[in-house]
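Quick one, structure for this:
(3 chains)
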Amino acid sequence: MYPFKTGSFAPRNAWYVAAFSKDVGRELIGRTIVNTPVVIFRKEDGEVVALDGRCPHRHFPLAKSCLKGDTIVCGYHGMAFGPDGQCVDVPSQVHTPRALRVPTYPVVEHGMWLWIWVGDKDKADPALLPSLVELGLEGEGLTPHTMFFHEVACRYQLLNDNLFDLSHLAFLHGTSIGTLENASTPEELVKRPGFVSSMRHIRNAPCPPMMHANGTYPTERIDRSMGMASHLPGLHCGITRVGYPDDHPQAPGELISMNRVYHAITPSTPRSCYYLFSVAVEDDVDVERMQINLAPVIDEDIFASVEIEKMIDLYDGVPPPELMVKSDTNAVEGRRMLQAMMDAEAAEKETA
Amino acid sequence: MYPFKTGSFAPRNAWYVAAFSKDVGRELIGRTIVNTPVVIFRKEDGEVVALDGRCPHRHFPLAKSCLKGDTIVCGYHGMAFGPDGQCVDVPSQVHTPRALRVPTYPVVEHGMWLWIWVGDKDKADPALLPSLVELGLEGEGLTPHTMFFHEVACRYQLLNDNLFDLSHLAFLHGTSIGTLENASTPEELVKRPGFVSSMRHIRNAPCPPMMHANGTYPTERIDRSMGMASHLPGLHCGITRVGYPDDHPQAPGELISMNRVYHAITPSTPRSCYYLFSVAVEDDVDVERMQINLAPVIDEDIFASVEIEKMIDLYDGVPPPELMVKSDTNAVEGRRMLQAMMDAEAAEKETA
Amino acid sequence: MYPFKTGSFAPRNAWYVAAFSKDVGRELIGRTIVNTPVVIFRKEDGEVVALDGRCPHRHFPLAKSCLKGDTIVCGYHGMAFGPDGQCVDVPSQVHTPRALRVPTYPVVEHGMWLWIWVGDKDKADPALLPSLVELGLEGEGLTPHTMFFHEVACRYQLLNDNLFDLSHLAFLHGTSIGTLENASTPEELVKRPGFVSSMRHIRNAPCPPMMHANGTYPTERIDRSMGMASHLPGLHCGITRVGYPDDHPQAPGELISMNRVYHAITPSTPRSCYYLFSVAVEDDVDVERMQINLAPVIDEDIFASVEIEKMIDLYDGVPPPELMVKSDTNAVEGRRMLQAMMDAEAAEKETA
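Residues are numbered from 1 along each chain as shown, chains lettered A, B, ... in the order given. A predicted model of the protein is given here:
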């Protein structure tokens, strides 16, 4: 499906963010990950587990059920499943066949996130996760804060595409966090397997409108370095460093502040996805104000992506060919890598 | 369609409950029965009739039209149809061709219900209706009361399945009318053509939570006999008898109360149905409180069924195979009988 | 699709009303015309232009974008398009390839309306528009007033059919602007290529209920001439002349009042359309009251059409064959002409 080949939706052999780690507790959480229903909870010993979310008896959602100790008791007929997926009770019969079980899915808590793997279990290598150092969550002295969780009515790739091309800051966010320089400044691009990044060094330019209105920075013209590092399939780490311009009389070239933002995009159904947004900031940052400021910015991204989903729908899911421009380099690369992942999975399936 | 063969939705040659008899009067009632639009009303002489609900001129719903005497005047261009379906007026022309008519459907008032037959007319035998004696509406001195009418956003069979397997009382209704004994107590099963039933005799067990909170019964531990008699395709008659346990000091083994409940499930479109709930009770029962108590219970059944419909939708209508357990005996039998009815109709159609 | 052949939806080589001319200004207007997204605005020099509504870069709706001078700047990544569709800026690159452009669509302001042509440009002849004299907008001394704009959840032809057969006034509008004579009085029919009309001369009959209640006319019984002239594919011009009957003691046969009404029906998606309603009246008419009176009348037409769309949906879009009666002459002719337009387009496409 657009923008991938017909039949390609999302890679399964990949770590996806299912939730913020701190939000996973003793309440059952339901998610649909790459069209697979899952139920997630934290065991009494603190370990997080994920089971298939469909009771194999009558398809009732296990996420709408009850947790007793570490056992999920289906809310419909009471079939009970341990954290290993094994059925431990069928209330209407004495015997509980060993064959009754639901699949489990590998999960890892890493950074602020709970990551899940709904593909081949034996490929679920935690070493594939982005390193916390690289994400700036270790070694930079930043403090992480989770911010938003959205279910969005569009295919996940529209939000990935949004993040692959930051020139949209100049227009979609032109009244808040972007200026025209976000589009016109040349990008420094990096790619390696499963990774693309972009960085723009904007020199001696006006503050973005929101920061100007806020008085966020102690000077009118600033240097900004803004970039996005995309760890495929769906974690995008943004970085912003703001400094005094080189010609500033008091503090030429000095750093004013820096922060990182994290956009986790997870495919749910073919036309819906999850969007989890969080940040890592210097200790003295007013996080509450940052959250208030950024809420409408994320809403603009969601607005654009949902509008595009509706536009695609007008063409029965097959829109006319699109034009690629310079700022699409990472989108082209990122899509190509995702398609390659899906092609490999399809080839493997065919072999099997 | 699940849980039936591809292409099987619902038998047409069958009596379905379209409405509570007492609700059928001089207001036109619109229903869609097995994907067939119908309009129902009571004639001036008291007889109920059902006509096809689509004006054959421009497809306007006759149920959104006007009743003049015993004639339906289409609300769009005024084409008029008598209670026999014969067109009696075409306002724009003098002549009314005899060929202009809409189909009529056999209806019968029986018990609290208006039953309709949208299949082959010559098979519409009222003798196929469940007997009032068997339903406990005659000979037991019970008083009938209609309670709820719902349009439900799920395929009808999910509600049939709900009623075929009463072990769900222990879990879905575990905070109201069920206890664990509703699942663990062995069933007495009966089947005959077009009929399955289940009965559990629960001995010397705690009151269900709602009755306990209510003080419905004058004692803490009770004997309960609870069963469901399913008259296919869609009338399920529940019976509850509550008594003092055999070891009760004052009234060992004596009956405290009994009642019957009636769940009529009628297929509407492939993914929607009607649910009509009524009861028959001893004269001195507080029916109003019973209605208030049972409303959330029925809502729980609807909740579970709609959740399952959504889960099935995730699999594009073809969910993975399901597991059968002991309490599914009646569901298996009931589905088998319904499938046989549909197979017979399909075979007959092919022959013709 | 119903009521046309499978695969036939709406002619493309035709003028459709996209908006009331006076509503087109410096705000971008988005429409979907025969499943084609368009964006419409008035240039600084007053000329109206229409461009394809989909940004060819990432499918973002240009109607949700910004107008700078006469250039649309896409609200997502800032790709800019002049009023001739030519891309004039790609913010992320210095060079703007000449090949980057969006289609434009011919538009004409004519009467109260902005007309658009989404078919072959070289066929877009303004001479095909209905003449203002014939529409009564020139030479009759009437004053035009725009009234309602609706997006309606039904295929456009259901509203065309509504207007092809005015016998519905007697029933759908039987409590407001119609009397039984609207159905029973014989029609005078006219047809010529691309045009059908109907006229009923109702003599010495009661006022319609709304006018009676209003005291609109100074007498109880009136002569009414009511007709509809349908300029295919979608502008229907209604005319009403009311006079004293020939036997009136004071003013036999004298005209009391006359007005014209205009129903523009424009196909949007296969199951939705636009409905723009306006009038032309004698100078001293209380237009505000007329608008209040007619709002529920138009709502009745929309109600009927949407109900029929739902009924058709019950049959998966292929309803049973319908019955034609005398008042359907224009519907039959009008549909035939529209089908012929679509057949011609299909044949041409095949040749090409």
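
Show me where chain A dips below the pLDDT cut-off.
For chain A, no stretch has pLDDT under 70.

For it, which segments are assigned as helices?
Taking DSSP state H, the helices of chain A run over residues A:156-164, A:181-184, A:209-214, A:287-314, A:329-351.

what sits against A:Leu51?
A:38-39, A:62, A:72, A:81, A:83, A:85, A:102-105 (Cβ atoms under 8 Å, 6 or more residues apart in numbering or on different chains). Glycine gets a C-beta too; all of them are placed from N, C-alpha and C.

if you set the cut-off to 10 Å instead, what comes out?
Taking Cβ atoms under 10 Å, 6 or more residues apart in numbering or on different chains, we find A:Leu51 in contact with A:28, A:37-41, A:62-63, A:72, A:81-85, A:101-105.

my read: A:Glu288 touches A:Val279, true?
No - with contact defined as Cβ atoms under 10 Å, A:Glu288 does not count as touching A:Val279 (11.8 Å).

which neighbours do the two share?
By Cβ under 10 Å, 6+ apart, the residues touching both A:Glu288 and A:Val279 are A:His145.

Who has more neighbours out of the two?
A:Val279 (21 against 9; other Cβ atoms under 10 Å in any protein chain shown).

quick one, domains of chain A?
A:16-123, A:140-346 (automatic domain parsing).

Of the ones you listed, give the one that comes closest to B:Arg336.
domain A:16-123 (16.7 Å; Cβ to Cβ).

That closest one: end-to-end distance?
14 Å (Cα to Cα, to the nearest Å).

Off-centre distance for it?
21 Å (Cα atoms, centre = their mean, to the nearest Å).

cool, and stretch A:126-143?
With Cα atoms, centre = their mean, you get 15 Å for stretch A:126-143.

do the same with stretch A:245-260
Relative to where its chain is centred, stretch A:245-260 has its mean C-alpha point 31 Å off (Cα atoms, centre = their mean).

Show the end-to-end separation of it, please.
Stretch A:245-260: ends 21 Å apart by Cα to Cα.

And for that stretch, what's in contact with it?
Contacts for stretch A:245-260 (Cβ under 10 Å, 6+ apart): A:135-137, A:140, A:142, A:144, A:203-205, A:216-225, A:229, A:237-244, A:278-282, A:284-285, A:287, A:290.

So which residues on the stretch 1-150 of chain A come close to chain C?
A:2-3 (Cβ under 10 Å from any Cβ of the partner chain).

Please, where are all the strands along the stretch 1-150 of chain A?
Per DSSP state E, counting those that start in this stretch, the stretch 1-150 of chain A carries strands over the ranges A:16-20, A:29-33, A:36-42, A:48-52, A:66-68, A:71-73, A:80-81, A:87-89, A:104-105, A:107-110, A:113-116, A:143-152.

Which neighbouring elements make contact with the third one?
Under the contact criterion of 3 or more Cβ pairs under 10 Å, 6 or more residues apart in numbering or on different chains; DSSP states H and E, strand A:36-42 touches strand A:16-20, strand A:29-33, strand A:48-52, strand A:66-68, strand A:104-105, strand A:107-110, strand A:113-116, helix B:287-314.

ok, now the second one?
Packed against strand A:29-33 by the contact rule (3+ Cβ pairs under 10 Å, 6+ apart) you find strand A:16-20, strand A:36-42, strand A:48-52, strand A:113-116, strand A:255-267, strand A:273-281.

okay if I get those strands as a markdown table plus distance to B:Arg155?
Shown next, in a markdown table, are those (distance: least, Cβ to Cβ, whole Å):
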| stretch | distance to B:Arg155 |
| --- | --- |
| strand A:16-20 | 30 |
| strand A:36-42 | 19 |
| strand A:48-52 | 22 |
| strand A:113-116 | 31 |
| strand A:255-267 | 27 |
| strand A:273-281 | 28 |
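
right, so of the ones you listed, which gets closest to B:Lys123?
Across the helices and strands packed on strand A:29-33, closest to B:Lys123 is strand A:36-42 (Cβ to Cβ), at 42.0 Å.

what lines up beside that closest one in the sheet?
strand A:29-33 (antiparallel), strand A:48-52 (antiparallel) (DSSP bridges).

Dump the ones you listed into JSON lines; add distance to A:Ala344 as well.
Below are the strands paired with strand A:36-42 laid out as JSON lines (distance: least, Cβ to Cβ, whole Å):
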{"stretch": "strand A:29-33", "distance to A:Ala344": "19"}
{"stretch": "strand A:48-52", "distance to A:Ala344": "24"}
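
any idea which of the ones you listed is most buried?
strand A:48-52 (a mean of 23; mean count of other Cβ atoms under 10 Å in any protein chain shown).

and A:Lys349, how many residues sit next to it?
Neighbour number of A:Lys349 under other Cβ under 10 Å is 9.

Enumerate every residue touching A:Glu288.
Here A:Glu288 is in contact with A:His145 (criterion: Cβ under 10 Å, 6+ apart).

mind redoing it with 6 Å?
Listed by Cβ atoms under 6 Å, 6 or more residues apart in numbering or on different chains, the contact set of A:Glu288 is empty.

closest to B:Trp117 out of the domains of chain A?
Comparing the domains of chain A by Cβ to Cβ, domain A:16-123 comes nearest, at 30.1 Å.

Near chain B, which residues of chain A are found?
Applying Cβ under 6 Å from any Cβ of the partner chain, we find that chain A lies next to chain B at A:54, A:56-57, A:59-61, A:64, A:76-78, A:90-93.

Tabulate those in TSV, adding columns for neighbour count.
Converted to TSV, the residues of chain A next to chain B look like this (neighbours: other Cβ atoms under 10 Å in any protein chain shown):
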residue	neighbour count
A:Arg54	27
A:Pro56	22
A:His57	21
A:His59	23
A:Phe60	25
A:Pro61	23
A:Lys64	18
A:Tyr76	28
A:His77	27
A:Gly78	28
A:Val90	22
A:Pro91	23
A:Ser92	23
A:Gln93	15
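
which one of these sits closest to C:Pro321?
Among the residues of chain A next to chain B, and counting by Cβ to Cβ, the member closest to C:Pro321 is A:His59, at 39.7 Å.

That closest one reaches B:Pro319, doesn't it?
Yes - using Cβ atoms under 6 Å, A:His59 is in contact with B:Pro319, at 5.3 Å.

tell me the residue furthest from the middle of chain A?
Taking Cα atoms, centre = their mean, the residue of chain A most remote from its mean C-alpha position is A:Val94, at 44.4 Å.

what about the residue lying closest to A:Glu187 once chain neighbours are set aside, how many neighbours?
Excluding the flanking residues, the one nearest A:Glu187 by Cβ to Cβ, 6 or more residues apart in numbering or on different chains is A:Ser198, at 4.6 Å. Counted by other Cβ under 10 Å, the residues lying close to A:Ser198 total 23.

ok, now the one 10 residues further on?
Counted with other Cβ under 10 Å, the neighbours of A:Pro208 add up to 27.

ok, it - contacts?
A:177-179.

one more time with 8 Å, if that's ok
Neighbours of A:Pro208 in contact, by Cβ under 8 Å, 6+ apart: A:173, A:176-179.

what residues does the stretch 151-300 of chain A put near chain C?
A:161, A:165, A:167-168, A:170-172, A:180, A:183-184 (Cβ under 8 Å from any Cβ of the partner chain).

Looking at these, which two lie furthest apart in space?
A:Asp161 and A:Leu180, at 20.9 Å, using Cβ to Cβ across these.

Return the most buried member of the domains of chain A.
Buried most deeply of these, by mean count of other Cβ under 10 Å, is domain A:16-123, with a mean of 20.
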